[in-house]
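In: Fold the following, please.
(one chain, ligands or ions: 1)
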Amino acid sequence: MRQKRAKAYERLMASYERYFNFRRPYQILLDDEFAANLHRAKLSPQKQLDMCMRSETKLMITQCAMHSLYLKGSEHQPVVDLAKTFERRKCNHKEAIPVHECIASVVGPSNKHRYVVATTDPKLRKQLHTVPGTPIVHYNRMVLVLEPPSEVTTQRIQKIEGEKVSQSVIEKRELKEMARADDGSESEGKEDKQQPVKKKRKGPKGPNPLSAKKKKTQSQPSSSDKKEHREQQQQQQQQQPREQTEQPKKKKSRRRKHGGSGAGAEGESSTAAPATE
Ligand SMILES: [Zn+2]
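Out: Numbering: from 1, shown residues only. This is a model prediction of the structure:
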């Protein structure tokens, strides 16, 4: 399961790279609660997020989220110290606003800075589901969970890629299953059922077609080779048609009769004579 999850996350991040220009190291925007939760569980955010993203990551925190950590009081000082090691993301909110609003404003309507948002706030998660190309990591029972792509994200990919969507739908379903197994929640289950499955592909739902490309060419002749081969075959057939096509010949001659006398000439030999008058 763990291996399967890692592969799925890797594929998912690869598609964020491909369709939304994410680049490594990924920039992770953590909210205060996320950082606090991990710290409480004695987990290193850097290590956990690197592992989850399958890549190096750059941890970031907004001024407002930092402010919120300060407000938690002195017993949270270690978290504050930890968060100070993250890169500070200027949000330019002169007076601190609620963290979920701050992060939503930093991400903006299109997530143009390509943040991965690490949050435990359901409100923020829901809001970010409306921004295409925004990966969300939440934390559940000691496990970081990379959410399946949101509906708008899938639609955007669909728009870009047209019919290749079915693959991502499969992946999405896979990820949703994992997410559900993780938190046992039904919160996202409903959308899931409405997800239209456009075409079922019968082929194996193997790895990313991009990464599989190389292997393909080894054993099979390329399409141009095939074409040549086909042409050769056709030529050969044309050169020796007589002996091989005895039977079709009969058919042909019959067809010729039909053609000559028009429709309904089936019984030409005996009864058709009057009909031709
Ligand atoms: Zn702010």
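
In: What helices and strands are in contact with the helix or strand containing Pro78?
Out: Using DSSP states H and E, Pro78 sits within helix 77-84. If you count contacts as 3 or more CB pairs under 8 Å, 6 or more residues apart in numbering; DSSP states H and E, helix 77-84 packs onto helix 32-40, helix 63-71. Heads up, the C-betas are built off the backbone N, CA and C, glycines and all.

In: packing partners for the first one?
Out: Where contact means 3+ CB pairs under 8 Å, 6+ apart, helix 32-40 is packed against helix 45-53, helix 63-71, helix 77-84, strand 136-140.

In: show me where pLDDT drops low in the stretch 101-250 of the chain?
Out: Where the stretch 101-250 of the chain drops to pLDDT under 70, the residues are 163-170, 183-250.

In: 80 instead?
Out: 162-172, 175, 178-179, 181-250 (pLDDT under 80).

In: residues in it within reach of the ion, list them.
Out: Cys102 (CB under 5 Å from the ion).

In: still on that earlier bit, including mean neighbour count, could the helices and strands packed on helix 32-40 go into TSV?
Out: As requested, the helices and strands packed on helix 32-40 are exported to TSV (neighbours: other CB atoms under 10 Å):
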stretch	mean neighbour count
helix 45-53	20
helix 63-71	20
helix 77-84	16
strand 136-140	21
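
In: quick one, which of the helices and strands packed on helix 77-84 is nearest to the ion?
Out: Between the ion and the helices and strands packed on helix 77-84, the shortest gap by CB to the ion is with helix 63-71, which sits at 3.1 Å.

In: which ones are touching Val131?
Out: 107-111, 150, 152 (CB atoms under 8 Å, 6 or more residues apart in numbering).

In: out of those residues, which one sits closest to the ion?
Out: Proximity to the ion was ranked across the contacts of Val131 by CB to the ion; first place goes to Val107, at 11.5 Å.

In: so that closest one makes contact with His129?
Out: No - contact criterion CB atoms under 8 Å: Val107 and His129 do not qualify, at 11.6 Å.

In: Neighbour count: those two, which is higher?
Out: The neighbour comparison of Val107 against His129 (other CB atoms under 10 Å) goes to Val107, with 21 against 18.

In: thinking again about what came up before, tell me which of the helices and strands packed on helix 32-40 sits nearest to Lys172.
Out: Lys172 sits nearest to strand 136-140 of all the helices and strands packed on helix 32-40, at 13.6 Å, using CB to CB.

In: Perfect, I'm done here.
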